[in-house]
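Chemist: this one's structure only:
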Ligand code: AGP
C-alpha cells in the first residue's frame, strides 16, 4: 500500500525522502514521486515504476530544498502512470499533497470544484482533495490549518495526508483511519512525517503518534501547532520509540519472506515469553486478565479479520471451542461491516491484524464498538490504529514483517490464540493442573520442532521443482489443519500466481474431486490426529483419480508414505498445536515454487502489505 513522507528542517530533503521510500518499498507500489521547494518553486519528479530506476534517473540532478514530500503509490483511482503518481499540486500552484487512503465522495467534490473553475491533470481523488482544501481556504479566508480541518470534515473516507505550503515553508498533516507519525528533531528544528516509524531510524527517536482528526502545522524552529476536530489547540504527546534496524535487512537470506519463515522459532518464543510458565502452570495474557469477568460471561466470541489473519481466526475458533467451550464465530471483516450483524454487549469481538491498519477490520471494529461489544485487538504493529481502538488486547511480538506474504505474523497470532483459549479454559475449570502443565510444556517444545522442520528446506525445494509449472493446486486438511490448507493455498497464490484452493478434506467429494487428474498436485495435511484414518481414505480417493499427492505426515508414518507421491515428515505434537507445525512446510513450498518460477517473492504483483483501503 502507498507510503507517504514529508520533511521540513535545515537538511537537504531529497535524501531523507528517498530513504523513506526505501523503507516503504516492501509494502508494494506501482509508482513513486517527490516534490521539494527550490527558490520558492516546486521541483516535482514522478515516475511509474520501481524506486531504483527513479533514483538512477535523478542521481545526477537531485531536487534541492529543505522541505519536501514523497509518495509510493498503489493505484486506487486512475491507472498506475506518471500522471496519477503523487505528489499532486493544487490549481493555484501554491500547495502540494501526498495522500494515502481513499476519498469516497471525491466525485461530488470534483463536480463542485469544476463548476468553480478548477481544472484537473490526473484521475486521482488526491488531486481533488488538495484543490478542495485550496477552495475552502479561498472561500473562508481562514488559516490553512483551520481550512484543512473544515475541508476534511466534508470528506468521507479513510486517509492520511501531508500538505506542503510553499509560501509558508510549512507542512500540515492529518489522518483518519490510517496511521501517521511525526519524528521530532532536536529543539523542534526539523520534522519527518511518515506512515510509520521505519524511516526515522538514525534521525530521531522522538515520535508523536498522531490522533485521528487532529491537524498539525509543522515549521522548523516553531512550536508544534495542533488543532483538534473542533479547532481547539491541543498539546502533542512526544514519545520515545525503539528502532528495529535488523528487521529491514535481509542478512544471508535471498528474500525477506524466507528470512521471516526462519525467524518463526524466535517469533513463537517472543509471543509467549512472560505470558506463561509450564513449570508453574499459569498463563497470563494481560488483556484477558483485565476483562476476566466479561470474558467469563461472554455468550459468544466473534472474530473478524482478513486474509491470513482470518485463517488464524479459524484456528482460534477451533481452539476456543475445543478448550473453553465458548461459541465462536469467524467473520470476514469486509463482509461484517456491511451487514446488520447480531452482536451486543454480552459478546466479545476479537480483531486480528498484523499491521493493525487494515481498513475493513477497522470499520468492523467501529461497528462492533457501536453495538457495545468488548473489543479485543491482536496486532503485531505497536501503536497501530487497531491497537489503539481496542479496549484490551495482546501484541504478537513477531517483530517487523516485511515480506508481503505473511508468515511469522501468522504463527505468532496462533500462539496468542492458543494462550487465550487455554486461559479461558483455565478460568472455566476445564483443565486439571496436570493437563495445563503438560500442554504448556508441549507449547515450549514447538520452537525446536519448527527448527527441525526448517531443516527439511532442501527436500521441500526439490518437491517444489517438480511442481513449479503446475497451473492449479489443491490443499486439504481437517480440524485445526483445515485453516492451514486455506493458508497454504493463499501463500501459493500470492507469490507464485498459481491458482490454488484450500478445502476441508472430506468436502472434495462434494464437487472439487471433479478437478482431480494426473495434472493436479494435491497437498494433504495428514498428521496423526483424530481424523487420521479419514485422511488416509481421502488420499486414496485422490490417488484413485491419478492426482499427485504431497502429504505432510508425522515422523515415522508408514501408511501414507506408501500411497502418497511425496511425504514431508514433521515432528509429532498435540493436535491443538498441529497448525503451528504443519504451516511451515507449506510456507516453504510456496516460497520455493515462486522462486523456481522466477517470481518477485517479496513484492508480488498487485499486492500490498497493509490494505488501508476497502
Ligand atoms: C497475507 O499473506 C496477506 N498478504 C494478506 O492476506 C493479509 O493477511 C491481510 O491483508 C490482512 O492483513 P492484516 O493482518 O495486516 O490485517
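Modeler: Looks like it arrived, so ask away. Everything numeric here is computed off the predicted structure, so don't read it as measured data.
Chemist: Now that residue 67 has come up, it's in contact with residue 11, right?
Modeler: No - assessed by C-beta atoms under 8 Å, residue 67 is found out of contact with residue 11, at 10.3 Å. In short, each C-beta sits where N, CA and C put it, glycine included.
Chemist: Who has more neighbours out of the two?
Modeler: residue 67 (26 against 14; other C-beta atoms under 10 Å).
Chemist: Dihedrals phi and psi, the closest residue to the more buried one other than its chain neighbours?
Modeler: Nearest in space to residue 67, with sequence neighbours left out and distances taken as C-beta to C-beta, 6 or more residues apart in numbering, is residue 8 at 4.5 Å. Residue 8 adopts backbone torsions of phi -140, psi 130, taken as degrees, to the nearest 10.
Chemist: Contacts only, for residue 8.
Modeler: 66-67, 169-171, 190-191, 218-220 (C-beta atoms under 8 Å, 6 or more residues apart in numbering).
Chemist: Let's see that with 7 Å instead.
Modeler: 66-67, 170-171, 190-191, 218-220 (C-beta atoms under 7 Å, 6 or more residues apart in numbering).
Chemist: what's next to the longest helix belonging to the chain, contact-wise?
Modeler: Criterion DSSP state H: the longest helix present in the chain is helix 433-454. Residues outside helix 433-454 that contact it (C-beta under 7 Å, 6+ apart): 262, 264-265, 268-269, 272, 276, 278, 281, 418, 422, 426, 570-571, 573-574, 577, 580-581, 584-585.
Chemist: With stretch 298-314 instead?
Modeler: 316-317, 320, 326-334, 336, 343, 346-354, 358, 360-361, 364, 406, 410, 413-414, 417, 483, 486-487, 490, 611.
Chemist: Mind doing that once more with 6 Å?
Modeler: Contact with stretch 298-314 is made by 316, 326-331, 333, 336, 343, 346-353, 358, 360, 364, 406, 410, 413-414, 483, 486-487, as judged by C-beta atoms under 6 Å, 6 or more residues apart in numbering.
Chemist: Any part of it near the ligand?
Modeler: Yes - contact between stretch 298-314 and the ligand, assessed by C-beta under 6 Å from any ligand atom, occurs at 306-309.
Chemist: need the residues of this protein near the ligand, please.
Modeler: Residues of the chain lying near the ligand (C-beta under 6 Å from any ligand atom): 306-309, 353-355, 358, 361, 404-406, 494, 610-611.
Chemist: Which of these sits closest to the ligand?
Modeler: Using C-beta to the nearest ligand atom, residue 307 is the member of the residues of the chain next to the ligand that sits closest to the ligand, with 1.8 Å.
Chemist: So the residue lying closest to residue 336 once chain neighbours are set aside versus residue 592, what's the distance?
Modeler: If the residues on either side of it in the chain are set aside, residue 336 comes closest to residue 364, at 4.5 Å by C-beta to C-beta, 6+ apart. In this view, residue 364 and residue 592 are 35 Å apart by C-beta to C-beta, to the nearest Å.
Chemist: And what about residue 421, helix, strand or coil?
Modeler: Secondary structure, DSSP: H, G, I helix; E, B strand; the rest coil: residue 421 is helix.
Chemist: What's opposite residue 44 in the beta bridge?
Modeler: Beta-bridge partners recorded for residue 44 (DSSP bridges): residue 35.
Chemist: How about the stretch 151-300 of the chain: which residue is closest to the ligand?
Modeler: residue 257 (9.4 Å).
Chemist: where's that residue, which helix or strand?
Modeler: According to DSSP states H and E, residue 257 maps onto helix 256-262.
Chemist: From the contacts of helix 433-454, list just the buried residues.
Modeler: Buried residues within the contacts of helix 433-454, counting neighbours by 16 or more other C-beta atoms under 10 Å: 262, 264-265, 268-269, 272, 276, 278, 281, 418, 422, 426, 570-571, 573, 577, 580-581, 584-585.
Chemist: Let's see which of the residues you listed end up in helices.
Modeler: Counting by DSSP H, those place 262, 264-265, 268-269, 272, 418, 422, 426, 580-581, 584-585 in helices.
Chemist: Only the buried residues of stretch 130-148, if you could.
Modeler: 130-137, 143-145, 147-148.
Chemist: I meant to write stretch 7-25 there.
Modeler: 7-9, 12-14, 16-25.
Chemist: same thing with stretch 538-552?
Modeler: 538-539, 542-543, 547-552.
Chemist: how far is that stretch from where the chain is centred?
Modeler: In terms of C-alpha atoms, centre = their mean, to the nearest Å, the gap separating the centre of stretch 538-552 from the centre of its chain is 35 Å.
Chemist: ok, back up a step: quick check, nearest of the buried residues of stretch 538-552 to residue 596?
Modeler: residue 550 (14.7 Å; C-beta to C-beta).
Chemist: Could you look up the SS state of the closest one?
Modeler: Of the three states, residue 550 takes strand under three-state DSSP.
Chemist: hang on, the earlier thing: tell me which of the buried residues of stretch 7-25 fall in helices.
Modeler: Per DSSP H, the buried residues of stretch 7-25 map to helices at 13-14, 16-24.
Chemist: returning to that earlier point: most neighbours, which of the residues of the chain next to the ligand?
Modeler: In the residues of the chain next to the ligand, the most neighbours by other C-beta under 10 Å go to residue 353, 34 neighbours.
Chemist: so what pLDDT did that residue get?
Modeler: pLDDT recorded at residue 353 is 97.
Chemist: residue ranges of the helices in the stretch 201-350 of the chain, please?
Modeler: Listed in chain order, the helices of the stretch 201-350 of the chain (DSSP state H, counting those that start in this stretch) span 256-262, 264-272, 286-290, 292-297, 307-324, 333-336.
Chemist: cool, and the stretch 1-150 of the chain?
Modeler: 13-24, 51-58, 106-115, 125-140, 144-153.
Chemist: got the buried residues for the second one?
Modeler: Translated: helix 51-58. Using 16+ other C-beta under 10 Å as the test for burial, helix 51-58 gives 51, 54.
Chemist: And that helix, how far out from the chain middle?
Modeler: 27 Å.
Chemist: Chain neighbours aside, what residue packs nearest to residue 29?
Modeler: Ranked by C-beta to C-beta, 6+ apart and with sequence neighbours excluded, the top spatial neighbour of residue 29 is residue 72, at 3.8 Å.
Chemist: Count the neighbours of that neighbour for me.
Modeler: Counted with other C-beta under 10 Å, the neighbours of residue 72 add up to 31.
Chemist: Number of residues surrounding residue 207?
Modeler: Counted with other C-beta under 10 Å, residue 207 comes out at 20.
Chemist: One more: residue 417?
Modeler: Neighbourhood size, residue 417 [other C-beta under 10 Å]: 26.
Chemist: what does residue 536 give?
Modeler: Neighbourhood size, residue 536 [other C-beta under 10 Å]: 18.
Chemist: again with residue 534
Modeler: There are 15 residues near residue 534, going by other C-beta under 10 Å.
Chemist: any idea how far it is from residue 541?
Modeler: Taking C-beta to C-beta, one finds residue 534 at 11 Å from residue 541.
Chemist: now residue 384
Modeler: Residue 384 is 44 Å from residue 541, by C-beta to C-beta.
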